[in-house]
Each structure stands twice: as C-alpha cells, then as structure tokens.
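Asks: Build me a model from this:
(chains A and B)
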Protein chains: 2
Amino acid sequence: MRTLNPLYPTCPIRNIINRMSDKWSLLILSTLNQNNIMRYKELNAAIPDISQKMLSSTLKRLEEDKLINRKMYAEIPPRVEYSLTKTGKEFMPAVDMMVNWALEHFEEIVS
Amino acid sequence: MRTLNPLYPTCPIRNIINRMSDKWSLLILSTLNQNNIMRYKELNAAIPDISQKMLSSTLKRLEEDKLINRKMYAEIPPRVEYSLTKTGKEFMPAVDMMVNWALEHFEEIVS
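Replies: Numbers count the residues shown, from 1 in each chain, chains lettered A, B, ... in the order given. Purely as a prediction, here's the structure:
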C-alpha cells in the first residue's frame, strides 16, 4: 500500500494524477499507446531527449502504478517488453483530450 | 513569444501540457472551475497545503499561458480576482476525465 498524502488521502490529483501527469510519463504513455508493445531501446529511440535514468525510473513508477506491463523473456540477452495495461489504456482518452486541446490552443498559449 | 522546446518546437506535451499538468496547476484550475471567481486568499484557503510562493508563481504562469484571468480593482486595499479564461474552461473536460479515471482506479493504483 502506497503512502498517501497525509492531509488529503483521498485526493485524486495529489495521490494519483500527480504521479503520471509529468512530461516524461505522458510521453511514454502516448508512445506506448501508439505502438502497443515496445522494448526499452525502442522507447529510448522514440523519446531521444529523455535520459536513461529518467526513462528507467519513470517506467518503474508507471509499472508500480499499474499503468504499464513489463514482460521479461528468459532469453540471452534478456528481452524486456513494455505495454499499456487495461488501466493505462483507460487513462489515454483524457491524455488525448489534453493533447487535442493543446494543439488547438498552441499558438494562443505560446504567443 | 515563449521559447519552445528546441528539439520538439511543436510538441503539445513538451511545450504546453507540461506547464499545467503539475499538481498545483491542476488543483488551482479545478478550484477555480468550481468557484468561478476567487480572490488570492480564498484560493490559498481552499488549497492550504500550497505555499504562498508556489501559489503566486503558479498563478502567474497560468495567467501567462492564458488559462486564467487576473482582474485588479483600484480599491484600497487593492482587490484581485482570479477566474478561468475561455481557453482555461476548455481544458477542464480533460482534467475532469483524468479525475474520474483516477477515482475509478484509486484503490487499484495505491494498493
């Protein structure tokens, strides 16, 4: 059981959304949503501006939060594949809605 | 014109969403969405765990990004009111969808 926000233990923003609404989480989730199953190297190639440390720690957190699956194959060298879980897939419509909103208002916001 | 991500100048996540998907931005936007017009003190009272420095800097950034209006009345003492812009209001359906998803999956994710 994860430690919850002491003041607001039931707040969905403080306890849940805050852990996956950062830039790297959203980029990883969106990339997996477009490609279904990816290996670490493929994710790293698809998001070149993320450091290996950040990619590994974000993948670990997204797995802990049950948004992504991590599947390891007993091969040499070991093969690891990532994909969205059902819960992860159900998060994506909200992400897509944010992306569409951002594209629609891009010029206005950055000008 | 704001400086854009040098590698990905058109990316909606890196350039837009990343600036308003943090915990404090989402809490301020959601609070304003429920209360229409609020003063600084009211916002601070509604989000007691935010520091004054963070509240001020987040409000400033959300205003820069055209998500909130800041209206100052020439009174003594000066009165300042915050509210969502049209663009800000159009961001909220995506935020509400994230909140509903988080509430639905709360137990699963934190357990």
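
Asks: CA only for contacts and neighbour counts going forward, please
Replies: Noted.

Asks: interface residues of chain A facing chain B?
Replies: Applying Cα under 8 Å from any Cα of the partner chain, we find that chain A lies next to chain B at A:1-4, A:12-14, A:16-18, A:21-23, A:26-27, A:49, A:64-66, A:87, A:90-91, A:94-95, A:97-99, A:101-103, A:105-106, A:108-111.

Asks: Just these: which are in strands?
Replies: Secondary structure from DSSP state E places none of these in strands.

Asks: Just these: which are in helices?
Replies: Counting by DSSP state H, the residues of chain A next to chain B place A:12-14, A:23, A:26-27, A:64, A:87, A:90-91, A:94-95, A:97-99, A:101-103, A:106, A:108-110 in helices.

Asks: Quick check on the residues you listed: which are buried?
Replies: Those of those that meet the buried threshold are A:12-14, A:23, A:26-27, A:87, A:91, A:94-95, A:97-99, A:101-103, A:106, A:109, by 16 or more other Cα atoms under 10 Å in any protein chain shown.

Asks: ok now do the nearest residue in space to A:E81 that is not next to it in sequence, which residues does it touch?
Replies: Closest residue in space to A:E81, ignoring its immediate chain neighbours: A:R39 at 4.6 Å, by Cα to Cα, 6 or more residues apart in numbering or on different chains. Taking Cα atoms under 8 Å, 6 or more residues apart in numbering or on different chains, we find A:R39 in contact with A:R79, A:V80, A:E81, A:Y82.

Asks: mind checking pLDDT for the residue nearest to A:K66 when sequence neighbours are not counted?
Replies: Closest residue to A:K66 apart from its sequence neighbours, by Cα to Cα, 6+ apart: B:I109 at 6.1 Å. For B:I109, the pLDDT comes out at 96.

Asks: now swap in A:I17 and tell me
Replies: Note for A:I17: predicted pLDDT of 96.

Asks: separation between it and B:R79?
Replies: Counting by Cα to Cα, to the nearest Å, the separation of A:I17 from B:R79 is 33 Å.

Asks: would you say A:N69 is within a strand?
Replies: Yes. In this structure, A:N69 lies within a strand as judged by DSSP: H, G, I helix; E, B strand; the rest coil.
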